[in-house]
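**Q** okay, predicted coordinates and the sequence, questions at the end:
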Amino acid sequence: MTKIGVIGVGQMGSAIIKGLKKDATNKIIGENPVNPRVSGLAEKLDFKLVHAIHDLINLDLDYVFLTTPAKITLQIIPELINLDAKTTIISSVAGVGYNNLENILPNHSIIRIIPNTPVAINAGTIGLFIPANISKINAVKITHFLEQLGDVISVKEDQLSIVGTIGGCGPAFVDVFLDALGDAGVLNGLPRNLANQLAASMVKGSATLASDSKIAPALLRDQVCSPGGTTIKGVTSLEANGFRHAVIEAVNQANQN
């Protein structure tokens, strides 16, 4: 059994708990101020809920997730000093660097992740920074643990920001694309629910093919674009209307500090 604490049961904390609950061997304890929504979630998903950090200290936890806002995180991490030294701290807090955490908790293994909300259905994209002071054996163990939530991509710490932008904001960009595809389907005679289902299925299949095959997207595109065919005409229209530039600029804007 793996014992896991999740500090902060907001949107991301809730998503992480939902994903972890898929494995019955995970025992989860959430920590959050009193909140009816969180209490309802704890009852629905059947995990223990506490309302103070000190209630986590003597629970012999294997992992503790930090999912609180940066300002709150800096206020609460001194309370974790008395956690068992074997407890690995996993911070998903975008605004607090590894050095800030390590200076306060020098006796613990600390890693940083930037996940996205599809971790709730075990289909997340998780940027992972593991510092050099963690052994290769522990790094493999931590990575394997996180893989139950989705794809884990190891990066340098200074790359977490752009990983978070593409992984975290990207789903909203894809949702805009899906909505536009649905509108196009309706415009051409499909019922709304069928148009949306078709768009979602197509994106899921295309993304799975790109992920599993490791073939560059441009090459996958070329496989679909026959000379003089309908697809290349559509791709040309996307280019004429600035589709690629719009996507790149959306990421650039979202990635600004």
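**A** Arrived safely, thanks for sending. Residues are numbered from 1 along each chain as shown.
**Q** torsion angles phi and psi at residue 134?
**A** In terms of degrees, to the nearest 10, the main-chain angles of residue 134 are phi -90, psi 130.
**Q** whoops, I mixed them up, residue 153
**A** Per-residue torsions, residue 153: phi -120, psi 110 (degrees, to the nearest 10).
**Q** in this structure it contacts residue 129, no?
**A** No - if you go by C-beta atoms under 8 Å, residue 153 and residue 129 don't touch, sitting 10.3 Å apart. Every residue, glycine included, has its C-beta placed from N, CA and C.
**Q** what sits in contact with each of the two?
**A** Common contacts of residue 153 and residue 129, defined by C-beta atoms under 8 Å, 6 or more residues apart in numbering, are absent altogether.
**Q** looking at these two, which is more packed in?
**A** Neighbour count, other C-beta atoms under 10 Å: between residue 153 and residue 129, residue 129 has more, with 20 against 14.
**Q** which is the succeeding secondary structure element to the lengthiest helix in the chain?
**A** The residue-count maximum for a helix in the chain (DSSP state H) belongs to helix 192-213. Note on helix 192-213: by DSSP states H and E, the next helix or strand toward the C-terminus is helix 217-224.
**Q** low-confidence stretches in this structure?
**A** Counting by pLDDT under 70, the chain has low-confidence residues at 257.
**Q** ok, 90 please
**A** Residue ranges of the chain with pLDDT under 90: 58, 84-85, 94-95, 107, 164, 168, 256-257.
**Q** please enumerate the strands of it.
**A** Along the chain, counting by DSSP state E, strands occupy 2-7, 26-31, 48-50, 63-66, 88-91, 110-114, 124-129, 150-154.
**Q** ok, residue 49 touching residue 34?
**A** No - with contacts counted by C-beta under 8 Å, residue 49 stays clear of residue 34, the gap being 9.4 Å.
**Q** so those two - more neighbours on which side?
**A** Neighbours were counted for residue 49 and for residue 34 using other C-beta under 10 Å; residue 49 has more, 20 against 8.
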